[in-house]
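Trainee: here is the input, now give the coordinates:
(one chain, ligands or ions: 2)
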Amino acid sequence: MDTPLEVLHRVFGYDSFRPGQQEIIETVVAGGDALVLMPTGGGKSLCYQIPALVRPGVGVVVSPLIALMQDQVDALTALGVRAGFLNSTQDFGERQEVEAAFLAGDLDLLYLAPERLRVDSTIRLLEKGEIALFAIDEAHCVSQWGHDFRPDYLMLSGLHERWPNVPRIALTATATPETHQEISSRLGLDAARHFVASFDRPNIQYRISPKSEPKRQLLDFIRTEHPDDAGIVYCLSRSSAEKIAEFLSDHGIAAIPYHAGLDARVRALHQARFLREEGLTVVATIAFGMGIDKPDVRFVAHLDLPKSLEGYYQETGRAGRDGLPATAWMAYGLQDVVQHRRMALEGDEAHRRRQALHLDAMLALCETVTCRRVMLLDYFGETGTGPCGNCDTCHNRPDTWDATVPAQKVLSAVYRLAKERGQKFGVGQIVDILLGKKTAKVEQFGHDSLTVFGVGQDLSSAEWHGVVRQLLTRGILAVEPAHGTLVLTDKSGGVLRGHDQVSLRRDLKPRAAGRTMKAK
Ligand code: ADP
Ligand code: ZN
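Mentor: Ligands and ions are numbered 1, 2, ... in the order given. Below you'll find the predicted structure:
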């Protein structure tokens, strides 16, 4: 029998293990269960691939990433590892071929889509062969709290009852302490060894700028810092992915779109180009990147706010997997907050509460005046780390200012409209009223006769938008889902009456914030 280290050299061609790998592999080789929390790029695959090769029998890998199974199997085959997969994309004949190989003992690894386990014939098949281990990839999919819940994952706890002597290894790159607990109890891994690697990605520089002209800001960022580098730009909608890709191409940045609306062939082609070509930027919806192993992605940019810190961490984690400096850049603004607050009001009660908490954590990261990395790591349960020196707030500590009076002006405008006129309006109208602008809409509604008309000429329109954004972030003001109009909350009263102070982050001028970073 080969030792794990021999397999690492001979099959995978690597010199040494990455931190954590050896202990995890030895645990599973010895027949023990393991729960592995390791960031993207940490090297989770080897943690089950090597034990599968060392132990007698087939390593059965449950993975929701059906689209990647073919690639994974091809990559293993190229290394001389005998691998196959079973999922819904195959026809009967293809499945039969894999099943025959499994039964003949001709496989080292078998990848299974979770829904395969719902089919009795799969269980009967597995019972006829020798199983080296069960690997449960993307184990956070078992968590209802998480962002990626797959009901089929709940059945995985049954594996242990049927095969009590087969070791199990569950792996994930996204787990807060709560998700970690949930994975452990739902998969019955409380008695397993838990391996929690640091989630810090020190080579990634985190930066979040206020959004003014997003496309321009993005172009500036790429041109000045990553003109010939590979990168991923994330947006929320397919149409904006298309538009941004075109805009970048028009301005001399090689960029292609990637989203679920594209033909499967085009998608595969764009993915292959991204992997093969140098210096290509993919403008994508979240459909892109799951499991993509391109080590030299130099930047990940977000033009829209991710739904949660888990999502943000996972997406930014696709940068700099080779350990060299990389940038996670995001532009976010008032409209993002409004849009997300509205989206967070969809679905059932539990879903809404979850969404709101996720969003609050995301917004807190955007508005923090302390180190972004400290905050991110803290969220994932790593406390007590010091300021990192490699994020925008560390480089350029933002000022805070006492915004109690401006906050009162905004709240009072919203209050007066509702109280005196029975009206609700969006941000634009409120800001016009505060600035004393006699627009057509202001005149139409006679808003120039309100006592708050023109009381806010000390701040610019952009500054007022910043104030409203931060009030929304803190729940001192809220957005009505149906029309996106502003309404007061139970936190508004304390500020209006002068009981509560409001201290806000002073927005940096977007461009200045970008430039200062060049120093490092
Ligand atoms: P994860 O699944 O944790 O995101 P992967 O298993 O895809 O990470 O590994 C990320 C990259 O690191 C892959 O290219 C992999 O081949 C490489 N890798 C993993 N372990 C080692 C090692 N011990 N030495 C060198 N490269 C490694
Ligand atoms: Zn920092």
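Trainee: my guess is residue 311 meets residue 286, correct?
Mentor: Yes - at 7.1 Å, residue 311 counts as touching residue 286 under the criterion of C-beta atoms under 8 Å. Placement of C-beta: from N, CA and C, glycine included.
Trainee: give the buried residues for whatever helix or strand residue 219 lives in.
Mentor: Using DSSP states H and E, residue 219 sits in helix 214-225. Neighbour counts over helix 214-225 (16 or more other C-beta atoms under 10 Å) mark 214, 217, 218, 219, 221, 222, 225 as buried.
Trainee: how about the stretch 251-400 of the chain: which residue is closest to ligand 1?
Mentor: With C-beta to the nearest ligand atom as the measure, residue 293 is the residue of the stretch 251-400 of the chain nearest to ligand 1, at 4.8 Å.
Trainee: how about that residue, nearest residue that isn't a chain neighbour?
Mentor: residue 321 (7.4 Å; C-beta to C-beta, 6 or more residues apart in numbering).
Trainee: show me which residues of this structure are close to ligand 2?
Mentor: The chain comes close to ligand 2 at residues 371, 373, 388, 391, 394, as judged by C-beta under 5 Å from the ion.
Trainee: narrow these to those in helices?
Mentor: When DSSP state H is applied, the residues of the chain next to ligand 2 are split such that 373, 394 fall in helices.
Trainee: and the two most separated of the residues of the chain next to ligand 2?
Mentor: Using C-beta to C-beta, the residues of the chain next to ligand 2 span at most 7.9 Å, a distance reached by 373 and 394.
Trainee: now do the shared contacts for the two.
Mentor: Common contact partners of residue 373 and residue 394 (C-beta atoms under 8 Å, 6 or more residues apart in numbering): residue 388.
Trainee: neighbour count winner among these two?
Mentor: residue 373 (25 against 19; other C-beta atoms under 10 Å).
Trainee: the residue lying closest to the more buried one once chain neighbours are set aside: what's it in contact with?
Mentor: In space, and not counting its chain neighbours, residue 373 is closest to residue 388: 4.0 Å by C-beta to C-beta, 6+ apart. Neighbouring residues of residue 388 by C-beta under 8 Å, 6+ apart: 202, 371, 372, 373, 374, 394.
Trainee: quick one, what contacts the fifth one?
Mentor: Contacts were defined as C-beta under 8 Å, 6+ apart; by that measure residue 374 touches 385, 386, 387, 388.
Trainee: same check, this time on the first one
Mentor: Shown here is residue 202, whose contacts under the criterion C-beta under 8 Å, 6+ apart are 388, 390.
Trainee: how far away is it from residue 436?
Mentor: Applying C-beta to C-beta, to the nearest Å, the value for residue 202 to residue 436 is 49 Å.
Trainee: quick revisit: could I have the buried ones of the contacts of residue 374 as ChimeraX selection syntax?
Mentor: To isolate the buried ones among the contacts of residue 374 in ChimeraX, judged by 16+ other C-beta under 10 Å, type:
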select :388
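Trainee: make a markdown table out of the contacts of residue 374 and add pLDDT.
Mentor: A markdown table is the format used below for the contacts of residue 374 (pLDDT from 0 to 100):
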| residue | pLDDT |
| --- | --- |
| 385 | 84 |
| 386 | 90 |
| 387 | 94 |
| 388 | 94 |
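Trainee: now distance to ligand 1 too, for the contacts of residue 374, in a markdown table please.
Mentor: What follows is these, written out as a markdown table (distance: C-beta to the nearest ligand atom, whole Å):
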| residue | distance to ligand 1 |
| --- | --- |
| 385 | 21 |
| 386 | 26 |
| 387 | 27 |
| 388 | 22 |
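Trainee: ok, so of the contacts of residue 374, who is nearest residue 327?
Mentor: Among the contacts of residue 374, and counting by C-beta to C-beta, the member closest to residue 327 is residue 388, at 13.8 Å.
Trainee: am I right that residue 165 is in a strand?
Mentor: No - looking at residue 165 with DSSP: H, G, I helix; E, B strand; the rest coil, it is coil, so not inside a strand.
Trainee: I appreciate the help and will end here.
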